[in-house]
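Participant: next input, structure requested:
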Amino acid sequence: MKQPKPRRRGAMVIAGGAVLAAAALTVPPPAAAAQKSPQQAPQKAPQWRSCGDTEHPTLQCAMLEVPLDHARPDGRTVKIAVNRLPATAPKDKRQGPILLNPGGPGISGLWMATWIPDQLPPDVAAAYDWVGFDLRGSQHSEPHMSCDPHYFDGPRPDFQPSQGTTRTWLKKAAGYVAKCTAKYSWLLPHLATVDHVRDMESIRRALGADKISFFGWSYGTTLGSTYAQLYPRHVRRLVLDSIVGPSVSWYDHNIRQDLQHEKRFTAFTEWVAKADDVYHLGTDPDEIADKWYAMRADLREHPVGRIGPDEFDDTQVAGGYNALRWPRLATVLSAYTNSRDTAPLVTAYERYAAPDPSDDSFDLYNAVMCADSKWPRSFRYWREDQAEVNEKAPFYTYNNMWFNAGCLFWPVKAGHRTKITGKDLPPALLFQATDDPATPYEGGLEMARALPSARLVVERGGGSHAITFAGNKCLDDLLIDYLRTGKVPADRGLVDRTCAKNPDPTPIWVAPAPATALRTPATAVPRQFTT
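Facilitator: Predicted coordinates:
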């Protein structure tokens, strides 16, 4: 994967003060980025209370106070929202706490403390204290970052620079960063991955556990592997599912995503082409793709409420995360193309892509992504490099570019990702799908090379994201066995075990959902993990 190469200066100049405001408040990289563990002050025990969950009455909630800067343990503090479902097994059968993270970064992890054990055999569920938490600065933690709740309101300017929206998007991104800086300049230098990992160590200490286990999807694999690197002697079991490469920059990781999302969009059109009797879009995948792009262009001229071309992109991208969404997305394209029926589009957008006023995970996403690794700071570089990528991957490149454009202006100087070596780490279990677009396959292979004690399980041909507890018995049986006994597959080289993928979904026509069914309760599984 290519690395950003130096090019001549000369980024596009934008009128207005937003860029100047962000630039003027630039601060040094986070002090916590040092690999040496900072001095630790005594950790206060959390004050557990009932969460009031009638389905899980033993679920406990707490706010854990941790240092803003772990290098200054006696300074300012922030609070981390934590919950736990205590173990119920006899004491000699208990396995200790297991911390859970669904990725993002910034998605709430509190729902996992009850949802994950509900997927497991009773003896495994009873053996652990299941611990969910929200990363500092996000969701139910304090403070809860909220830079611009209306940043994603639609219809937005077209992502495609050919539509003359480049200046608009640059000004929009710079204005967003200026708002974040104005509100949270004191917090932003302390939101890199290593800061969250120090918080995880604070949770371990607060629980009074000598060792903890960890289970994480997506960005959660970065959290888990970084914790394992900094605190290997405190790791009991480690499960990483849908893996971010341990050394790739976030900029280059996005390019990997662009290329793989293009392949998943092609897989979608090929699937639709085999179901002409259901969707009546033809039998040629290229013609189906042309119809998709024609619908996108039509939405530019004639938005459907708040759904323009960008919002249509976001809706379709959801199909890359989970192929079970393909029937609904094919219905969207068919209904619009053949009869100008927009009801399926509205339902799919609300279900998969509409901004959720209660979810500010984008703010923490930026804070982590922009501070964890270096980004090109010249827009001229971005413009030229992304144009090259777009030649190969037009489906997602500019969507992804503008989603991350805040890193052009982020006020915290980026540090470096923690080098992962796996020294002193007990056996770990890795899961990776070969065609995952969000965390491409290279990342799983790279993590397997970096962790000598780990075993890599590959879902061959699988194209979904977060593949455990998604109905693949081969994967889930290996995970359950590991959680129960610590057993991992035999070492057979880089890939230690292969599982067949789940079958592609059956083509069906998906009727629009009633308006009352478009949103799930805040305590339910986030829509990133639903169909």
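Participant: now the element after the helix or strand of the chain with the lowest mean pLDDT, going C-ward?
Facilitator: Within the chain, no helix or strand scores below helix 18-24, which has a mean of 40 by mean pLDDT, DSSP states H and E. Proceeding N to C from helix 18-24, the next assigned helix or strand is strand 49-50, under DSSP states H and E.
Participant: for residue 313, which non-adjacent residue is closest in space?
Facilitator: Spatial nearest neighbour of residue 313, excluding adjacent residues (C-beta to C-beta, 6 or more residues apart in numbering): residue 399 at 4.9 Å. C-betas here are computed from N, CA, C, even on glycine.
Participant: so which elements touch whichever strand or helix holds the one you found?
Facilitator: Secondary structure assignment for residue 399, by DSSP H and E: helix 397-403. Identification of packing neighbours for helix 397-403 by 3 or more C-beta pairs under 8 Å, 6 or more residues apart in numbering; DSSP states H and E yields helix 250-273, helix 309-321, helix 379-392.
Participant: what angle do the longest one and helix 379-392 make?
Facilitator: For helix 250-273 against helix 379-392, the angle by axes from the mean of the first three to the mean of the last three C-alpha atoms, to 10 degrees is 20 degrees.
Participant: tell me the first helix or strand C-terminal of helix 250-273.
Facilitator: helix 276-279.
Participant: next up, the contacts around residue 397.
Facilitator: 258, 386, 389, 390 (C-beta atoms under 8 Å, 6 or more residues apart in numbering).
Participant: against residue 257, how distant is it?
Facilitator: Residue 397 sits 9 Å away from residue 257, going by C-beta to C-beta, to the nearest Å.
Participant: the residue nearest to residue 48 when sequence neighbours are not counted: what's it in contact with?
Facilitator: In space, residue 48 comes closest to residue 60 once its chain neighbours are excluded; the distance is 4.2 Å by C-beta to C-beta, 6+ apart. Residues near residue 60 by C-beta under 8 Å, 6+ apart: 48, 49, 50, 51, 83, 84, 85, 86.
Participant: beta partners of the second one?
Facilitator: So that's residue 49. Beta bridges link residue 49 to residue 61, judged by DSSP bridges.
Participant: got it, and the fifth one?
Facilitator: On DSSP bridges, the residues paired with residue 83 through beta bridges are residue 61, residue 132.
Participant: from memory it sits against residue 132, does it?
Facilitator: Yes: with contact defined as C-beta atoms under 8 Å, residue 83 counts as touching residue 132 (5.0 Å).
Participant: now the common contact residues for the two.
Facilitator: Counting by C-beta under 8 Å, 6+ apart, the residues touching both residue 83 and residue 132 are 110, 113.
Participant: what subset of the contacts of residue 60 is buried?
Facilitator: The neighbour count (16 or more other C-beta atoms under 10 Å) marks 51, 83, 84, 85, 86 as buried among these.
Participant: make a markdown table from those and add pLDDT and distance to residue 141 to it.
Facilitator: Shown next, in a markdown table, are those (pLDDT from 0 to 100; distance: C-beta to C-beta, whole Å):
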| residue | pLDDT | distance to residue 141 |
| --- | --- | --- |
| 51 | 96 | 15 |
| 83 | 98 | 12 |
| 84 | 97 | 16 |
| 85 | 98 | 19 |
| 86 | 98 | 22 |
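Participant: now distance to residue 339 too, for those residues, in CSV please.
Facilitator: Formatted as CSV, the buried ones among the contacts of residue 60 follow (distance: C-beta to C-beta, whole Å):
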residue, distance to residue 339
51, 47
83, 47
84, 51
85, 48
86, 54
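Participant: CA atoms of stretch 169-181 as CSV?
Facilitator: C-alpha atoms of stretch 169-181 as CSV (Å, rounded to 0.1, in the frame of the first residue of the first chain):
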residue,chain,number,x,y,z
TRP,A,169,-16.7,20.5,1.3
LEU,A,170,-13.4,21.9,2.4
LYS,A,171,-15.0,24.9,4.1
LYS,A,172,-17.6,22.5,5.7
ALA,A,173,-14.9,20.2,7.0
ALA,A,174,-12.7,23.1,8.3
GLY,A,175,-15.8,24.7,10.0
TYR,A,176,-16.6,21.4,11.7
VAL,A,177,-13.0,21.2,13.0
ALA,A,178,-13.1,24.8,14.2
LYS,A,179,-16.3,24.0,16.2
CYS,A,180,-14.6,20.9,17.8
THR,A,181,-11.5,23.0,18.7
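Participant: what residues of stretch 300-317 count as buried?
Facilitator: Buried-residue list, stretch 300-317, by 16+ other C-beta under 10 Å: 303-304, 307-317.
Participant: show me the shaky parts of this structure.
Facilitator: Low-confidence segments of the chain (pLDDT under 70): 1-41, 514-529.
Participant: if we go to 80?
Facilitator: Across the chain, the ranges flagged by pLDDT under 80 are 1-44, 357-358, 513-531.
Participant: report the contact partners of the spatially most central residue of it.
Facilitator: Geometric centre of the chain, nearest residue: residue 104, 2.9 Å, by C-alpha atoms, centre = their mean. Going by C-beta under 8 Å, 6+ apart, residue 104 touches 135, 138, 218, 219, 361, 364, 365.
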